[in-house]
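1. Need coordinates for the below:
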Amino acid sequence: MSTQIAPPGLKGLVVARTETGDVRGEEGFYHFREYSAVDLAQHRSFEDVAHLMVDGHLPDEAESRAFAAELAAASTLPHELLEQLLAIARSGPDRGSLARLRTAISLLASVEGFVPTYGAAPEQVRADVIRVMGAVPVLQAALFRLRAGMPPLEPRPDLGAGGSWLWMLTGEEPAPEHAAAVTAYLTSTIDHGFSASTFTARVVTSAGADVASAVCGAIGTFSGPLHGGAPDRALDSLDEIGTPDRAREWVRERVTAGERIMGFGHPVYRTLDPRAALLREYAVQLGGPLASLAVQVEQEVIEALADLKPGRELHTNVEYYAGVVMEQCGIPREMFTPTFATARVVGWGAHILEQTRDPRIIRPAAEYVGPPAPAPLP
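-> A predicted model of the protein is given here:
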């Protein structure tokens, strides 16, 4: 029997139907449900967009207040978890923040008795999704501060999502422009189509596992440098380049060595990543030498890549300016990818909820290409 082989990386292969949103790579456009994601990031709060993803529509004023209160209640951590946070915080390397987050989420699920999604009431699954969404930023900030020898801080919903995140990390009330820039970043990265981590969350959910297991699987995928683990590496590259006149030589050295240029290129977009365009605006508004360097180096790198890889459309992706904006706003580099995850947990939650409506387990086939079987035992 002939078997049709999927393209490498399942590129372009449609594996599900979704109402959460889509990415139109040829146009340089993506949306959350029926709305432009960039428009939402510029004009609606993070909490309102989270409501859109979880409950399917933008909230009115009363719904907005109720949902924000629900998220705030979900951010309170149980005593049994708080007792273990210091031990978790002290484990692993400095850039192991997401590994520590996985441990904390697993413990939260154990303490609170998360149930398998299979057979669970939709209201229970939604409650577990909201619980994880509310807990993730508080857990990440607490683990960061405890590792640094500082006490954790309570969230500040009055500062907005970005302002509260900055407050929990630094202990200082952020400048309004920093809070606005980080909120826009968080909102714009809530979801992005069927990314590897989102697909992982749906695969785990398709097995009927609990919400925390699906989120931990997604975090594990997201931690990879080819997915969510790139913003700090993109900024490290900018540090290595140093000055715009060094950019082309630096790119040539890396391409010759077969290395990837972090912050450039995307598996879907064939034009500028709209998230990068949005964050470039914020970076330029915040100003300073880093933003100036980033803009100049961006153009040099794009032109160098065009010369070295003709026929490949390699444009700036979200990680490049995400790193610049986070650096401008005072977020430590080891917390760049965790900041990204603070937003993306909303998208994972929306996809988990959607996947629970399909009772079939995701079970693709593979083509065996090893030695013929059965072979005689030696």
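2. need the contact list for residue 214.
-> Applying CB atoms under 8 Å, 6 or more residues apart in numbering, we find residue 214 in contact with 117, 200-202, 204-205, 348, 352. All C-beta atoms are positioned from the backbone trio N, CA, C, and that covers glycine.
3. Report pLDDT for it.
-> Reading off the confidence values, residue 214 has pLDDT 98.
4. Leaving out the residues flanking it, which one is nearest to it?
-> Closest residue in space to residue 214, ignoring its immediate chain neighbours: residue 204 at 4.1 Å, by CB to CB, 6 or more residues apart in numbering.
5. could you say what helices and strands the helix or strand where the one you found lies packs with?
-> According to DSSP states H and E, residue 204 maps onto helix 196-206. Using 3 or more CB pairs under 8 Å, 6 or more residues apart in numbering; DSSP states H and E, the elements in contact with helix 196-206 are helix 211-222, helix 336-355.
6. so the last one versus helix 196-206, what angle?
-> So the one you mean is helix 336-355. Helix 336-355 runs at 40 degrees relative to helix 196-206, counting by axes from the mean of the first three to the mean of the last three CA atoms, to 10 degrees.
7. how far is helix 336-355 from where the chain is centred?
-> 6 Å (CA atoms, centre = their mean, to the nearest Å).
8. Can you pull the poorly scored residue ranges out of this protein?
-> Scanning the chain with the threshold set as pLDDT under 70 gives 1-3, 230.
9. Which residue ranges of it form strands?
-> Using DSSP state E, the strands of the chain run over residues 21-24, 29-32, 35-36.
10. would you list those strands in JSON lines and tack on mean neighbour count and distance to residue 82?
-> Shown next, in JSON lines, are those (neighbours: other CB atoms under 10 Å; distance: least, CB to CB, whole Å):
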{"stretch": "strand 21-24", "mean neighbour count": "18", "distance to residue 82": "35"}
{"stretch": "strand 29-32", "mean neighbour count": "21", "distance to residue 82": "33"}
{"stretch": "strand 35-36", "mean neighbour count": "14", "distance to residue 82": "38"}
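11. elements contacting the longest helix along the chain?
-> The single longest helix within the chain, with elements called by DSSP state H, is helix 122-147. If contacts are counted by 3+ CB pairs under 8 Å, 6+ apart, helix 122-147 sits against helix 46-55, helix 61-74, helix 79-89, helix 97-112, helix 160-170, helix 211-222, helix 336-355.
12. how about the ones you listed in JSON lines, adding distance to residue 138?
-> Formatted as JSON lines, the entries for those read as follows, by distance: least, CB to CB, whole Å:
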{"stretch": "helix 46-55", "distance to residue 138": "15"}
{"stretch": "helix 61-74", "distance to residue 138": "9"}
{"stretch": "helix 79-89", "distance to residue 138": "10"}
{"stretch": "helix 97-112", "distance to residue 138": "10"}
{"stretch": "helix 160-170", "distance to residue 138": "7"}
{"stretch": "helix 211-222", "distance to residue 138": "15"}
{"stretch": "helix 336-355", "distance to residue 138": "10"}
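13. okay, the ones you listed, which one's buried deepest?
-> With neighbours defined by mean count of other CB atoms under 10 Å, none of the helices and strands packed on helix 122-147 is more surrounded on average than helix 336-355, at a mean of 26.
14. for it, packing partners?
-> Helix 336-355 packs on helix 46-55, helix 97-112, helix 122-147, helix 176-188, helix 196-206, helix 211-222, helix 231-241, helix 318-328, going by 3+ CB pairs under 8 Å, 6+ apart.
15. redo that, cut-off 7 Å
-> If you count contacts as 3 or more CB pairs under 7 Å, 6 or more residues apart in numbering; DSSP states H and E, helix 336-355 packs onto helix 46-55, helix 97-112, helix 122-147, helix 196-206, helix 211-222, helix 231-241, helix 318-328.
16. Show me which positions of the third one end up buried.
-> Counting neighbours by 16 or more other CB atoms under 10 Å, one finds that the buried residues in helix 122-147 are 125-126, 128-147.
17. now that we have the contacts of residue 214, which one has the most neighbours?
-> With neighbours set by other CB atoms under 10 Å, the maximum within the contacts of residue 214 is found at residue 348, which has 32 neighbours.
18. from what I can see that one touches residue 215, true?
-> Yes. Counting by CB atoms under 7 Å, a contact exists between residue 348 and residue 215, whose distance comes to 5.7 Å.
19. and for these two, which residues touch both?
-> Residues within reach of residue 348 and of residue 215 at once, by CB atoms under 7 Å, 6 or more residues apart in numbering, are residue 201.
20. returning to that earlier point: okay but the residue nearest to residue 214 is in contact with residue 216, surely?
-> No. Here residue 204 lies out of contact with residue 216, judged by CB under 7 Å, at a distance of 8.2 Å.
21. I'd like to know how far residue 331 sits from residue 234.
-> Using CB to CB, to the nearest Å, one gets 14 Å for the distance from residue 331 to residue 234.
22. of those two, who's got more company?
-> residue 331 (26 against 23).
23. hang on, isn't the more buried one packed against residue 169?
-> Yes. Using CB under 7 Å, residue 331 is in contact with residue 169, at 6.4 Å.
24. Would you mind measuring from residue 250 to residue 47?
-> Applying CB to CB, the value for residue 250 to residue 47 is 41 Å.
25. ditto for residue 354
-> With distances taken as CB to CB, residue 354 is found 20 Å from residue 47.
26. Ok, residue 127 next?
-> 17 Å.
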